[in-house]
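Colleague: I'll drop the sequence and a predicted model, then ask my questions.
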Amino acid sequence: MSGPLSHVRVLDLSRIMAGPWASQILADLGADVIKVERPGLGDDTRGWGPPFLADRDGKPTTDSGYFLSVNRGKRSITVDLSDPAGRDIIRALASRCDIVLENYKFGDMARFGLAYEDLKTVNPKLIFASVTGFGQTGPRREQAAYDFMIQAMGGLMSVTGERDDAPGGGPQKVGVPIVDLMTGMYTAVAVLAALAHRDHTGEGDYIDLAMLDVQTAFLANQAMNYLVSGKAPVRRGNSHPNIQPQDVYVCRDGHLAVAVGNDGQFVKFAEVIGRPELAQDPRFKRNADRVRNLPALVEIIKAALIEQDRAYWAERFDAAGVPASALNTIPGLFEEPQVVERGMLRHLPHPVAGTVPQVVSPMRFQNARLSFDRPPPLLGEHTAEVLAELGLGPGEIADLYDRGVL
């Protein structure tokens, strides 16, 4: 492995999305990530399909697209944590790792004797991150949570979706598991900060990440809009609450997203649509004016854009430096020349399928280049390899298999 974290080893006891997203980020950065899965079953998401990856003969494997999206770059081992011999393996691995990630329910790690307080006795410099729905404190700490539930509880669905009085109005979840993904991002940032702190102090640390906390944090401008005004934000469809014009508009042949970000861009926007006087109209001259007088502005824009096709407007907005785009499908995104040029989609060798598509990390380093050499692992693919690194011989490993520990 290469990359800026090629000196780091991670013991990944997490599954589903939030924890594995964090460990995939670390793996992309070069860390040796050892993913621990249940014997015979593995991570729940292996079965979250269809669709499933097809093998060389076109037959579906047991690995779903969901699993493949979040487990690149890792080594998979199977260990039964309910077995004392399995717990001994985890302790031995933790003694050799820099980071442990887990997302079991509150108290489970302590019940296994694998909590931070237990593992730091074998590795005082260990960084241990627990990812749960509600954290290690508070009245909900023992409750399970999923992304959809937290989007609802955390206020996100109150500001996502078309407004209630419009066709199709009502609350909507985000189209990807955004709370899981953001929790994974925060987890990766936190463990890297703990690594930097350890470099100065020699001390490990315990990190408590809660999905509801993360959702609360990334309400961002919507939360602050409420806190400074006392007014609860509402669903506005695609219309931005603070910057205008930013919305999806109907053209003669479909929809176009326009994202005017400042007053200078609005001058150019007004020129392109043939209404340069709008930039001097006191109702629209400044962004705050446009937000206050948005209904009148929207009607003017609608009347202008419906006269031409999307390509006509996109070409002219691009030339004027006004951000705008037709609405891509996901297949269309992967045909976008910019995405192709940046190499965001790659096909990695896979032992069963031949190759597996991967949407790779957007991070680019000049001096510590990332490589994407290891596909999402088969269940238990690296068990014997990792245990051999711990010093176990073939006979000992075979015995553990026979006893159902692996």
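Modeller: Looks like it arrived, so ask away. Predicted model only: the values in this text are computed from it and were never measured. Numbers count the residues shown, from 1 in each chain.

Colleague: ok, now which ones touch the residue nearest in space to the middle of the chain?
Modeller: In the chain, the centroid-proximal residue (Cα atoms, centre = their mean) is residue 181; its distance is 2.6 Å. Listed by Cβ atoms under 8 Å, 6 or more residues apart in numbering, the contact set of residue 181 reads 17, 18, 21. All C-beta atoms are positioned from the backbone trio N, CA, C, and that covers glycine.

Colleague: how close does residue 97 sit to residue 103?
Modeller: Residue 97 is 17 Å from residue 103, where distance means Cβ to Cβ, to the nearest Å.

Colleague: ok, now residue 158?
Modeller: 26 Å.

Colleague: ditto for residue 287
Modeller: Taken as Cβ to Cβ, the span from residue 287 to residue 103 is 42 Å.

Colleague: which of those two has more neighbours?
Modeller: Legend: neighbour count by other Cβ atoms under 10 Å for residue 287 and residue 103, higher for residue 103 (26 against 18).

Colleague: What residues of the longest helix seen in the chain count as buried?
Modeller: Looking across the chain with DSSP state H, the single longest helix is helix 178-201. Of the residues in helix 178-201, 178-188, 190-192, 194-195, 198 count as buried by neighbour count, 16 or more other Cβ atoms under 10 Å.

Colleague: Which helix or which strand is home to residue 75?
Modeller: Secondary structure from DSSP states H and E places residue 75 in strand 74-78.

Colleague: So which elements touch that strand?
Modeller: The contact analysis (3 or more Cβ pairs under 8 Å, 6 or more residues apart in numbering; DSSP states H and E) places strand 74-78 against helix 18-28, strand 32-37, helix 383-389.

Colleague: what about the helices in the stretch 1-150 of the chain?
Modeller: 18-28, 65-68, 84-94, 108-112, 116-119, 147-153 (DSSP state H, counting those that start in this stretch).

Colleague: List the contacts of the third one.
Modeller: So the one you mean is helix 84-94. Counting by Cβ under 8 Å, 6+ apart, 11, 13, 34, 36, 79-81, 100, 112-114, 118-119, 122-123, 126, 386-387, 390, 400, 403, 405-406 sit against helix 84-94.

Colleague: Can you give the domain ranges for the protein?
Modeller: What automatic domain parsing lists as the domains of the chain is 9-217+344-402, 246-327.

Colleague: mind putting those in JSON lines, distance to residue 223 and mean pLDDT included?
Modeller: Formatted as JSON lines, those follow (distance: least, Cβ to Cβ, whole Å; pLDDT from 0 to 100):
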{"stretch": "domain 9-217+344-402", "distance to residue 223": "7", "mean pLDDT": "97"}
{"stretch": "domain 246-327", "distance to residue 223": "18", "mean pLDDT": "97"}
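
Colleague: From those, pick the one with the highest average neighbour count.
Modeller: domain 9-217+344-402 (a mean of 18; mean count of other Cβ atoms under 10 Å).

Colleague: What's the separation between the nearest residue to residue 213 once chain neighbours are set aside and residue 72?
Modeller: Counting by Cβ to Cβ, 6 or more residues apart in numbering, the nearest residue to residue 213 once its immediate chain neighbours are dropped is residue 135, at 6.3 Å. In this view, residue 135 and residue 72 are 28 Å apart by Cβ to Cβ.

Colleague: From the opening residue of stretch 31-41 to its closing one, how far?
Modeller: 25 Å (Cα to Cα, to the nearest Å).
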